[in-house]
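Trainee: Build me a structure from this.
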Amino acid sequence: MPVIVFEGSGRVSNMLAAASTTQIGEEELTPNEQHDKLLDRVFATFAISIDEAEQMCTKIEECIRHKELVSRCMMHVFYLYGFR
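Mentor: The predicted model follows:
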């Protein structure tokens, strides 16, 4: 099922948007680097154990497994053009 993720709207949606990104600047990330980046973000955002953070990362990664079905929108663009 295609989904739209609003980056900048908060917590899990930001993580879904980040997980759907495979690069930082010009540098392409390996799957392990992507997982580590997501794990750091989950752990920093939620007051949960490392095991719970790993489980959440796995679920987020399952959600974005088919990246062609995920569209990212920047939340600030909607505010800039008056969509609320």
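
Trainee: hey, which helix or strand in the chain has the poorest pLDDT?
Mentor: helix 75-80 (a mean of 50; mean pLDDT, DSSP states H and E).

Trainee: the strands in the chain, which residues?
Mentor: Using DSSP state E, the strands of the chain run over 3-7, 23-24, 27-28, 70-74.

Trainee: which of those strands has the lowest average pLDDT?
Mentor: For these, mean pLDDT drops lowest on strand 23-24, to a mean of 58.

Trainee: Touching, Leu16 and Gly8? I think so.
Mentor: No - using Cβ atoms under 8 Å, Leu16 makes no contact with Gly8, being 11.9 Å away. From N, CA and C alone the C-beta is placed, and that goes for glycine too.

Trainee: The two: who's more crowded?
Mentor: Leu16 (20 against 15; other Cβ atoms under 10 Å).

Trainee: where does the more buried one land on pLDDT?
Mentor: Leu16 is given a pLDDT of 80.
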